[in-house]
Each structure stands twice: as C-alpha cells, then as structure tokens.
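need the 3D shape of this:
(2 chains)
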Amino acid sequence: MPEEILLMDKITKVYPNGFVANKDVTFSINKGEIHALMGENGAGKSTLMKILFGIEPFEEGRIVLKGKEVRFSGPLDAIANGVGMVHQHFMLVPSLTVAENVVLGMEPKKGGMFDFEEAVRITQEACDKYNLKVDPRAKVEDLPVGNKQKVEIIKALVRGAEILILDEPTAVLTPQETAELFVELKHLKEQGHTLVFISHKLNEIKELCDRITILRLGKSVGKANIADVTEQDISRMMVGRDVVLKVDKTPAKPEETVLKVRDLKIVADSGKPIVNDISFSVRKGEILGMAGVEGNGQSQISEAITGLLGYQHGTISVNGVDLKGKKIREIRELGVSHISEDRNTYGAALISSVKDNILSDRYYKKEYNKGLLMDDKKINEMTDELIKEFLIKCDDRDDQVKMLSGGNVQKVVVAREFSNNPTLVIANQPTRGIDVGATEFIRKRLVELRDQGVAVLLISADLNEVLELSDSIIVMNEGKIAAYLEDASQITDMILGEYMLGVQTQTPEEIARVAYD
Amino acid sequence: MTSKQIERRFNVLKTAVAILLSLGFALLVITFVSNEPVKAITAFIVGPFQKASRMSNIVEVMTPLLFTGTAICIMYQANQFSMIGEGAFLIGANLCTWVSITLQSMAGLPLLLICFVVAIMAGVASAMVPAILKVKFRANEVVSSIMMNYVLLKLSDYFFYYHFRDVPSGQQASYPIPTQIKLPKLIPGLRLHAGVLIGLAVCVVAYLFIYKTKWGYQVRMTGANINFAKYSGISVLGVALSTQLIGGAIAGLGGAVEILGRYDRFIWFGTQPGFGFDGVLVGVLAKNNPLLVPVAALFLAYMRTGADVMNRVSDVPIEFVDVVQGLIILFVAAEMFMAKYKHKLIVNNAKKQLEAKEAAN
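Have a look, this model is predicted:
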C-alpha cells in the first residue's frame, strides 16, 4: 500500500491582480514515487508549487505533510520540513565554487572561520551518495548548464529534502543531458526520495514518472498511473483538445540577403569573449534558426543586431546599410523588429496599458500625431485592430499589461513587432513560457511573415521549435557557430544536441557556407 | 466589476482613509496638548472658511504649490527624483526681484515678461547641474539636486546681500519691487492675485504634455520601464535631461509668480523657504498627475491656513500641521497600507466572477 506523503487539499489561490491561479486544486503524492505535474503554461503548476514551497500564500485549503497539517511561512520553513525545490532559473552564486554554493547559509565553521575543506567534503559525500558527478572545487560560472542543475539538486538534498520539486528541469538541457538527468533521478527515487516533476514534454513524463496529475485553467482535471494512459490521453486532458503543434509550411523561397553579420566579436566586461568571430546571413523569405544551449552568445547577437549592445569587432548590415553607431530608433526604422527573450524587462512596460505598449515604436510618427497632440482616435483604432487581429485577451486597450497572462503579454509584444512592416524579424525565444494556444499562433505568424518576404532570425532554446519552424539552422556553441545545417527538415534533435554540446563540430569551410552574400 | 476598477476605487479610498486617519490622529493630539481643545479644533477645521480673507489666503498658499507640485509630477513621471524645485524656486524669485529692481525704469508688461523669462532660465540653469551630472556621469540626482539647493541658497543670499538689499531702509529686505509689475489682485479688498490662474494653466498644460503628446509619452514610458523605452528606440537620456530641465523651469516660474503676487520685497535669506519640498508632498498626493495637483495643493493650503488660524486663537503652535503632513505622507506612500483589505476585495470579486461564469456555462 503506497503511503501518502503529501496532500494539498482544495487549494485556492488568487493573485493580487484578481487572477485565480488555483481553484480547489487537490494534489497528492506518495512516498518514493516520481509524480508528474502537467499542464499548459498558465494552468497553475508553478503557483501550486510556489504555495507548497512557501513562496506564495494561499487563500483556502490545507497542506498535509506526513499526516501533519502545515503552512510554511517561507522557503526556509519548507526546507526545514524536508521540501526542496530546483527552480527553472538557477539560484546559484556564479562566482563561488560548487561546494560554497552547496553549503551557502549553513556553512561549516572551524575556529569561527569558514571551513572550505569541510564544505568540499560535505559536497563530495553527497555527490557520491546520490551518484551526481560534479567537481566541488569548480566555479559555478564555469559549469555547463546540466552541471549547474546538479548543484541545485545537491543543494536541496544536503539540506535534507525528502520531497524534491523540479520545475521544468529539462527545458534548458540537451537531449543527452536530459538522459543523464533521468538516470540520476531514478537513482534518487530508489534511495527513497519523492520527486515532483514539472514538464510539458509528454515523452519525458512517459519515460520517467509513475503517476501524473494534470492541471487545466487552475483546476486539477485528472490523476492517473502513467502506465494506464497514452500520450494522447494526457494531451487531451491538458488542453481539452488534441494538440497539433505542427505548423504547415511550404519550402522557403529565399531571395537576396537582408541581414549580413561578418566577423562579429563581442567581449564581456570581464574580458571573456562571448561571441567569437562569427559570420552568417539571413535572406529575404527564410527563417534561419539559431539553436544552442542558452548562454552561448545568442542573446548578445540579437542585442547587437538591434542596437541594445555594443560590439568590439566586425560588421552587421541590414539591406546593405551598416548598423555600426546607429541609434536603436534608426535601426528600427530600417525595418528591424525585435522580440526580446525577456518580455518583462525589454518587451513590455508592465504597468502601462496595452495601448501604450503597442504604441512604443510608432508614437512619434506623423500618422499618429495631429499638431502638437497625439491623434487619440487613430491610435485607438490602430490598437483595437491589433488587439482583434492578434487575439489579445483583455478587457480593453487601457488594461495594464501586468493584468494579462504571459501568453497575452507576448501577443502584445508580437502585435507591435509584427505590425510595423518589418523586413527583418529577430525573434529571440518568441514562445518561451507561454501557453500552447499563443505559441501556435505566434509560430504561424512567423511563417506567414516569411511567406510575405520577411527575413527571420529565430533564436530558441526549444529544439522542437527550431526544428519545426526553421528552413536552415545554425548551432551555437561557446560563442561560435558549431554547425550550419542547410536543410532543417533532414535534422533530428539528437544531431542538434551533439553540435550544441560540442561533441561534434563542422569544418570551418562547412560553417562558412552560411555567410553568403 | 473588473480588478482594474477595484484598484482604481481602492486608491481613492486609500488616500481618503490616509487623510482621515491622520486628521483623526491630529485631533487626538490636540485634545491632549491643548487646554481648550474644542476651540482649537474648531479653529483648525472651520476657521479657514470663516472669513473671506482666510479663504483668499488658502488660494494664495496653494498657488506656489501648483508650480512646485507640477514640476515634481513631470520629473517623477520619468523616474527622475530631482529635488531641484526648492532651489529653482528660490533662485527664480531672487533673480526676478533683482531684474525688476534693476530695470524698473521700463516697468509694465515687457518687464513682467522679462522677469518671467529670467526666472524660468534661472530654474533651467539650476536643474541643468544635477541633470547633466546624472546623464553624463550617472550621479544620483536626488543627492546632487539637494546639494545644489544649498549652492543656490548661498548664491541667492549673495545676490541679495550684495546687490539688491535695501540697506538704508534698515530692514532685512530688498528694495521694493516696482508696483507696476506686481500681479493684479483678482477680487477687490482681498489679497488673492492672478498667480493662481497662471498656476492652474501650468497644471493643465503639464497634463496635456504628459498624457496627450508624443513627448509626454516618452516621459511616461521611460518612467514605466526604462529598458523597454530604450528597446523601443526612445532616447532615455534625453528624457532624463529634459524632464529635469522642465521641472526646474516650472519651479523657477513659480518663484517669480510668488514674489510678484504676494510680496513687496524679497525677504528670503538664510534658510530654504520650503516650497520645493512641499511640492514633493503635493506630487505624491496627486500621484504624479498634474490635473490632481490643484486638489492636493488646495488640501495642503487648507490645512496650513487652519493651523495658522488655530495658532492665533488657541494655544496650539503652527508647527503642529507638520505632524499631520508627515502622517499623511506616511500613509499615502506606504504601498502595503490596507493591502490585506484590498486583496480580500479582489479575491471575493474574482470568486464571484468565476461562479458567475460557471453558472453561465
């Protein structure tokens, strides 16, 4: 008889903006299982876990841990009670060593001073016990993403976590790293740990988990043994319909070169080269995918092209115009649109209205001004039209953007960036963290733009997205292009993974093919 | 009801509760410190309305706050927390006086306009220092503007003592300001002057500027999210610079209006008169919306007048009003004040909506 270790009973959570994230959600897990928590983005998975971990307060319901009702005042409280969490975005100090990160906040002392050797010993012991291979003396900033994640897991285990929550742990990993992680997680399970595994990759869940709970629109809609359900069952429960994330597209008909990047070099303040001498081109009417584990220079490339970041060496030109020294507005006027990977920092002003957010790249133009004042009527018309065209769910154009769901915020960004007659679209993680419906919509629009003759540079850490949308692909590894794959339809995620990890690299001649004129 | 509406209503409610609570607390203090609390409280609450001259006084006290309050609104909309209003107001008044005395032979409208222009330029020049330090060297404008205020105070003192102080008259005051350029009185027999009209006009123009023009749009976006503004192609440094200069200009003009409307001679020396800092209070109460500045300024002026009346007819000193002011700021500025109540409102409303939706399905 499986023993219930945790019960979250009829949890209701309302956010300060009135959004009901969880409504009477019941979530129960047994000791020693790997329990999958699934749902679209915005279904309330993260909220539920934040409640469990003591980050968010909840309005109604109760949490029963090992037969005792608990209510954690914060993460420290949760950890003390044996609940650990590995966040999607790592909570590590990059400049410290692995061992220092692991013992942070519970440092071993010798004679009042920090005992580094003891910290190393503690870390090494945990590594051996749980079969997680990391060098305790390495600096975190030098580790690949997969190893950073292991450090997070060790951190939680050393603090005595019996229940470990993993929030989309595979989102940042290559297929190879994912496989490794799964072996480790199964090992943890054998040692009696209980794992909550959040993901929306069906195949992973099928492979790894014992049971599954599915959330939809803030409610629990299903609970099952993994063995009893098919992937189709799960996906139907998740979205209420069968998901088709296939985008129909015809082969690209690329024309002349729009974006030309030559010998681009970007050096960080620390002197470390982030982008190292890369050259590539994007043509009118094609989508060039840029794959790669995050942090291999992709963000810097997109920021350099759009004028947000300076570069030390090389040239970037759009339709033959050199961008060096150009202001951001001048670059935008050349028809360069930019979906930033970080919509909350760059893509939108959350406290401003939908209207003001859509207006930000065109407010100064003649057509939206009448004499000294702005032409409210025209602006309202334009905004309402875009809200309709891009299916932005909001009460009206004066809604603050922070009141919208992530997918709708992204639609606001996309509505602006796609409606200014772009010649080049830099789409950096265009569908990160948004629901399936919005994802599908944005992907379709990107292909439509391509068909209308726009050049698209698609930067994404989501391999499915890259494979699905791109006509050709370049793979980034450590600031360099590791491969140019001319026909994306012939490529599998395993091949991409090998280039991403640097297991394989093409010859300079092969890579140079992407720098056509 | 949408959460947006709740938020809006809640903000009005919160400000009202903050004001009532602080007034309540003030009355409580009065009952303890005063020997004749009923008289004192009556004087404080009703006093300002008992005579036409007192009501005129409210508007007079309000007038300078319209300028410094609006200056704060424009700067704070762009997240530029310059305190230069204080110094700009003082130096504007000072130079306005000096110019009017020096050029008094020409008198009339041209001189009045020259005075205004000089005061505005003085305000711009004052604001330029912290603004440029900010834009060029990333120096925090709060610190540098406050420091600049001291420089301006000493500069003003120097001009006053060495250039236009009326030594023979034996008083600590400037030569008289030419009467021809003093702002006209609006109602015969009352001190109320035309400055209030200029002030209200400034509020309206500032409102239009912030909410209805493309320049104001840049200001608001820079304030809402500076990274977003940059990414969209807005010159955020330009906005930082220009809002601070505009703020300085408005405060400088306020100084001229105040001196030409209410005073016969320039008499501010040694300490900062405080209009700029009161402007911060007004701006915060008005939530950086120039259209609400008159309301906030009026409220403050009413309290000041009430305290003044109370000071004269009872044993409670005028400084008492500073206590009330401090409390109001505390309550209004405290983000989390009544947050639990607000959250409850929103939760209940969200639940009701959810039920309604389910019932409809």
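
and the strand or helix carrying B:Ala356, what's buried?
Assessed by DSSP states H and E, B:Ala356 sits inside helix B:339-360. Using 16 or more other CB atoms under 10 Å in any protein chain shown as the test for burial, helix B:339-360 gives B:342-343, B:345-347, B:349-351. No exception for glycine: its C-beta is placed from N, CA and C like everyone else's.

which residues touch it?
A:14, A:16-20, A:23, A:59, B:1, B:3, B:6-7, B:10, B:14 (CB atoms under 8 Å, 6 or more residues apart in numbering or on different chains).

from the residues you listed, which has minimum pLDDT?
pLDDT across the contacts of helix B:339-360 is lowest for B:Met1, at 63.

coming back round to it: send the alpha carbons of the helix holding B:Ala356 over as PDB?
Output in PDB follows, covering the C-alpha atoms of helix B:339-360 (Å, rounded to 0.1, in the frame of the first residue of the first chain):
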ATOM      1  CA  ALA B 339      -3.200  45.800   1.300                       C
ATOM      2  CA  LYS B 340      -4.900  42.900   3.100                       C
ATOM      3  CA  TYR B 341      -8.200  44.600   2.700                       C
ATOM      4  CA  LYS B 342      -7.600  45.200  -1.000                       C
ATOM      5  CA  HIS B 343      -6.600  41.600  -1.500                       C
ATOM      6  CA  LYS B 344      -9.800  40.400   0.200                       C
ATOM      7  CA  LEU B 345     -11.800  42.700  -2.100                       C
ATOM      8  CA  ILE B 346     -10.100  41.200  -5.200                       C
ATOM      9  CA  VAL B 347     -10.300  37.600  -4.000                       C
ATOM     10  CA  ASN B 348     -14.100  37.900  -3.300                       C
ATOM     11  CA  ASN B 349     -14.700  39.600  -6.600                       C
ATOM     12  CA  ALA B 350     -12.700  37.100  -8.600                       C
ATOM     13  CA  LYS B 351     -14.600  34.300  -6.900                       C
ATOM     14  CA  LYS B 352     -17.900  35.800  -7.700                       C
ATOM     15  CA  GLN B 353     -16.900  36.300 -11.300                       C
ATOM     16  CA  LEU B 354     -15.700  32.700 -11.500                       C
ATOM     17  CA  GLU B 355     -19.000  31.500 -10.100                       C
ATOM     18  CA  ALA B 356     -21.000  33.700 -12.500                       C
ATOM     19  CA  LYS B 357     -19.000  32.200 -15.400                       C
ATOM     20  CA  GLU B 358     -19.600  28.700 -14.300                       C
ATOM     21  CA  ALA B 359     -23.300  29.400 -13.800                       C
ATOM     22  CA  ALA B 360     -23.500  30.700 -17.300                       C
END
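
residue of the stretch 151-300 of chain A closest to chain B, please.
Residue nearest to chain B within the stretch 151-300 of chain A: A:Gly218 (9.1 Å; CB to the nearest CB).

spatially nearest residue to that residue (excluding sequence neighbours)?
A:Gly44 (4.3 Å; CB to CB, 6 or more residues apart in numbering or on different chains).

circling back to that earlier point, list the contacts of the residue of the stretch 151-300 of chain A closest to chain B.
Residues near A:Gly218 by CB under 8 Å, 6+ apart: A:20-23, A:25, A:43-44.

and the residue of the stretch 51-200 of chain A found nearest chain B, its phi and psi?
Nearest to chain B in the stretch 51-200 of chain A, going by CB to the nearest CB, is A:Glu59, at a distance of 5.6 Å. Here is the backbone geometry of A:Glu59 (degrees, to the nearest 10): phi -80, psi -50.

now the helices: where do they sit in the stretch 201-350 of chain B?
Using DSSP state H, counting those that start in this stretch, the helices of the stretch 201-350 of chain B run over B:214-224, B:226-232, B:236-262, B:275-285, B:293-313, B:320-333, B:339-360.

next: the stretch 351-500 of chain A.
Under DSSP H, counting those that start in this stretch, the stretch 351-500 of chain A gives helices at A:354-359, A:376-389, A:406-418, A:436-451, A:463-469, A:493-501.

now mean pLDDT and distance to chain B too, for the ones you listed, in a markdown table please.
Listed next are these as a markdown table, based on pLDDT from 0 to 100; distance: least, CB to the nearest CB, whole Å:
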| stretch | mean pLDDT | distance to chain B |
| --- | --- | --- |
| helix A:354-359 | 95 | 7 |
| helix A:376-389 | 94 | 8 |
| helix A:406-418 | 92 | 9 |
| helix A:436-451 | 90 | 18 |
| helix A:463-469 | 88 | 22 |
| helix A:493-501 | 84 | 28 |
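
before we move on, the earlier item: just the helices of the stretch 201-350 of chain B: most buried one?
helix B:236-262 (a mean of 26; mean count of other CB atoms under 10 Å in any protein chain shown).

that one vs helix B:275-285, what angle?
Helix B:236-262 and helix B:275-285 are oriented at 120 degrees to each other (axes from the mean of the first three to the mean of the last three CA atoms, to 10 degrees).

now helix B:236-262: average pLDDT?
Per-residue scores along helix B:236-262 average to 96.

cool, stretch A:260-277 as well?
On average, stretch A:260-277 scores 88.

contacting residues around that stretch?
For stretch A:260-277, contacts defined as CB under 8 Å, 6+ apart pick out A:278-281, A:297, A:300-301, A:304-305, A:309, A:311-318, A:478-480, A:515, A:517.

the helices in the stretch 201-350 of chain A, which residues?
Counting by DSSP H, counting those that start in this stretch, the helices of the stretch 201-350 of chain A are A:202-208, A:231-239, A:298-306, A:328-333.

tell me which of those is the most buried.
helix A:298-306 (a mean of 23).

quick one: residues contacting B:Ala240.
Residues counted as contacts of B:Ala240 (CB under 8 Å, 6+ apart) are B:78, B:80, B:131, B:134-135, B:222.
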